[in-house]
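> missing the sequence, but the structure's below:
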């Protein structure tokens, strides 16, 4: 079992999240910080307006033109860390959100890589296309991918549901970064047209994550 | 600087890689084991023949129907670890292939998540489609994605090239798992129609990785 008191960490440098509040990838980092009790400043960008593709953003925050980026420190010594799951890893360093056992730690990363490869490109992308862009504004190429992304997203949810049938969290006995990474877009999957009715274990797990001490909602 | 003598680790359990030898994701694990001097048995599957979707494979090796999977131990106590980068993490635990510094470790994972999100789905997928499936056998939906994957793959290579302009390896002073993860499909990118002629720093870095003590080639 985990005790929230274990999670108190000190980060001497100020932490700033460069984010779009609608993004589940950004939310992962806010949720990790909240569960750990770490103060986190935010700076918002509107990705629909190309605010992460400006020359200034590319030169100083992330040459890859994407959010989230976790900024550690400020001024000339600031360090910038792109990729949501890497930022969560930085925040959770040394906490119970990362298991110390060799296999368990690798297994947690396994679910985080699964999230970025099998889950996010399907479930988050359909949510973005259908809820924020709008189906009428999709390109023909995007529209041609909807069915494949729908099937791949359902396969990811089914795999999660089977895995959760006999366990409370994805790895070991307590919540880890694997749960945070997968929770972000799963709990809003219906915004991408994914019904969670068939995935009872996923729904129970969502409620379990929402009941964690320190939990913060996405919006 | 790194010294290969630091890399000697002991893994009491036997290690078996479930793989398709043509897969760069599988090669990452073989390369990590070789650089660390870890013995690794292999069991081959032909993904073109659906050998990773059989009921037996799904029930015992990976419910996600994919390779690579790293098997640790054997018999009833065997543990199975899918996801190439998670398997590399397991093998390299405690070695110099994973930096211990908090930021450097997260930054290494940043490049490994970049690899799975921005690099592999474009560069590896086009290699698979064009070299192994064959353009004539692609579906209309796949063919419609070639241009977008070509552009996204070039953007990934350009980002890597800029990053490598002032450094020998992706993170810190020495080779890490970030280099291994990105090397796997970059050094065969031309098989997917990606010319490396414009990416001089990437080409120098490829030669640097190939010169590492213990390096093994893909085929």
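Looks like it arrived, so ask away. Keep in mind the model is a prediction, meaning the values are calculated, not measured.

> quick one: residue A:208 and residue A:169 touch, right?
Yes. Residue A:208 is in contact with residue A:169 according to C-beta atoms under 8 Å; the separation is 7.4 Å. For every residue, glycine as well, the C-beta is placed using N, CA and C.

> Of those two, which one has the most company?
Neighbour tally, residue A:208 and residue A:169, criterion other C-beta atoms under 10 Å in any protein chain shown: the higher count belongs to residue A:169, 18 against 15.

> Look up how far chain B lies from the more buried one.
As judged by C-beta to the nearest C-beta, to the nearest Å, residue A:169 and chain B stand 17 Å apart.

> does that residue count as helix, strand or coil?
When classified by DSSP: H, G, I helix; E, B strand; the rest coil, residue A:169 comes out as coil.

> which helix is the longest one in chain A?
In chain A, taking DSSP state H as the definition, the longest helix is helix A:146-164.

> List the buried residues of it.
If you call a residue buried by 16 or more other C-beta atoms under 10 Å in any protein chain shown, then helix A:146-164 has these buried ones: A:146, A:149-150, A:152-154, A:156-157, A:159-161, A:163-164.

> And these, which is closest to chain B?
Checking these against chain B with C-beta to the nearest C-beta, the nearest one is residue A:159 at 5.8 Å.

> Correct me if wrong: the closest one contacts residue B:66.
No. When contacts are counted by C-beta under 8 Å, residue A:159 is not listed as touching residue B:66 (10.6 Å).

> Where does residue A:89 fall, secondary structure wise?
Here residue A:89, judged by DSSP states H and E, is contained in helix A:84-92.

> just checking, next helix/strand downstream of that helix?
Scanning forward in sequence from helix A:84-92 by DSSP H and E, the next helix or strand is helix A:102-114.

> which helices and strands does that next one pack with?
Contacts defined by 3 or more C-beta pairs under 8 Å, 6 or more residues apart in numbering or on different chains; DSSP states H and E place helix A:102-114 against helix A:177-186, strand B:79-82, helix B:84-92, helix B:102-114.

> Return the distance of the worst-scoring helix or strand of chain A on mean pLDDT from the chain's centre.
Counting by mean pLDDT, DSSP states H and E, chain A has its least confident helix or strand at helix A:140-143, which shows a mean of 92. Centroid separation between helix A:140-143 and its chain, computed with C-alpha atoms, centre = their mean, to the nearest Å, is 26 Å.

> What are the buried residues along that helix?
Quick answer for helix A:140-143 (16+ other C-beta under 10 Å): residue A:142.

> For chain B, tell me whether it is touching it.
Yes. Contact between helix A:140-143 and chain B, assessed by C-beta under 8 Å from any C-beta of the partner chain, occurs at A:140, A:141.

> Quick one: list the elements packing against that helix.
helix B:140-164.

> coming back round to it: for the helices and strands packed on helix A:102-114, could you give me a markdown table that also reports mean neighbour count, mean pLDDT and distance to residue A:28?
Shown next, in a markdown table, are the helices and strands packed on helix A:102-114 (neighbours: other C-beta atoms under 10 Å in any protein chain shown; pLDDT from 0 to 100; distance: least, C-beta to C-beta, whole Å):
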| stretch | mean neighbour count | mean pLDDT | distance to residue A:28 |
| --- | --- | --- | --- |
| helix A:177-186 | 28 | 98 | 5 |
| strand B:79-82 | 19 | 98 | 21 |
| helix B:84-92 | 27 | 98 | 18 |
| helix B:102-114 | 24 | 98 | 12 |
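
> Residue A:122: what's it in contact with?
Listed by C-beta atoms under 8 Å, 6 or more residues apart in numbering or on different chains, the contact partners of residue A:122 are A:149, A:150, A:152, A:153, A:156.

> closest to residue A:111 among the residues you listed?
residue A:156 (10.9 Å; C-beta to C-beta).

> Contact partners for that closest one?
With contacts defined as C-beta under 8 Å, 6+ apart, the neighbours of residue A:156 are A:114, A:118, A:119, A:122, A:123.

> so the second one makes contact with residue A:152?
Yes. Between residue A:118 and residue A:152 there is a contact at 6.8 Å, judged by C-beta under 8 Å.

> Give me every residue in chain A lying close to chain B.
So chain A meets chain B at A:63-64, A:72, A:79, A:81-87, A:89-90, A:93, A:102-103, A:105-107, A:109-110, A:112-114, A:116-118, A:120-121, A:140-141, A:144-145, A:148, A:159, A:162-163 (C-beta under 8 Å from any C-beta).

> And the pLDDT at residue A:172?
We have a pLDDT of 86 for residue A:172.

> So what touches stretch A:207-219?
Stretch A:207-219 is contacted by residues A:4, A:7, A:21, A:24, A:27, A:30-31, A:34-37, A:168-169, A:175, A:179-180, A:183-184, A:187-188 when judged by C-beta under 8 Å, 6+ apart.
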